[in-house]
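A.B. asks: Have a look at this prediction, sequence included:
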Amino acid sequence: MKEVFVTRNPAEAHLVRGLLENAGIAAVVENDVLTTGVGEIVEAALPSVCILDESRAGEAEALIAEWQREEPEAPAWECPKCGEKLDGRFTSCWECGTERP
Ligand SMILES: [Zn+2]
């Protein structure tokens, strides 16, 4: 496993994981505060995305870099189904999959 992305935002980690999996790169989110408990966040345990096939690290990093460049200036929104608050760059709720209205 190789860590390719670290963020303070677990939603962003899940987004990046989806981005990589869409490209056929198997990835997992580590230190997800949603599963480990919010009180346990420490500097050394930020949510991170790891890929299983280290030989694809370059490809993964290029995808992430491209995604970060394309980050739109869209307003934040709230999921009408589950109430999750989402950054403007999300086009669907990462929690329940509902499309942005
Ligand atoms: Zn939702």
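C.D. replies: Yep, it's here.
A.B. asks: what's the model's confidence in the helix or strand hosting E21, averaged?
C.D. replies: For E21, the host element (DSSP states H and E) is helix 10-22. What helix 10-22 shows for mean pLDDT is 93.
A.B. asks: Pretty sure E59 sits against G24.
C.D. replies: No. In this structure E59 lies outside contact range of G24 using C-beta atoms under 8 Å: 9.3 Å. Every residue, glycine included, has its C-beta placed from N, CA and C.
A.B. asks: Now the helix holding E21 - C-alpha only, CSV.
C.D. replies: In CSV, the C-alpha atoms belonging to helix 10-22 read as follows (Å, rounded to 0.1, in the frame of the first residue of the first chain):
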residue,chain,number,x,y,z
PRO,A,10,-12.7,12.8,5.3
ALA,A,11,-15.2,13.7,2.6
GLU,A,12,-12.4,14.7,0.4
ALA,A,13,-10.5,11.5,1.1
HIS,A,14,-13.6,9.5,0.0
LEU,A,15,-13.9,11.7,-3.1
VAL,A,16,-10.3,11.0,-4.0
ARG,A,17,-10.8,7.3,-3.4
GLY,A,18,-13.7,7.4,-5.8
LEU,A,19,-11.6,9.3,-8.4
LEU,A,20,-8.9,6.6,-8.3
GLU,A,21,-11.4,3.7,-8.4
ASN,A,22,-13.0,5.3,-11.4
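A.B. asks: distance between that helix and the chain's centre?
C.D. replies: Chain-centre distance of helix 10-22: 3 Å, with C-alpha atoms, centre = their mean, to the nearest Å.
A.B. asks: wait, does that helix contact the ion?
C.D. replies: No. Applying C-beta under 5 Å from the ion, one finds helix 10-22 separated from the ion by no less than 10.7 Å.
A.B. asks: Contacts for stretch 91-101, please.
C.D. replies: Here stretch 91-101 makes contact (C-beta atoms under 8 Å, 6 or more residues apart in numbering) with A11, H14, L15, G18, W77, C79, P80, K81, C82, E84, L86, F90.
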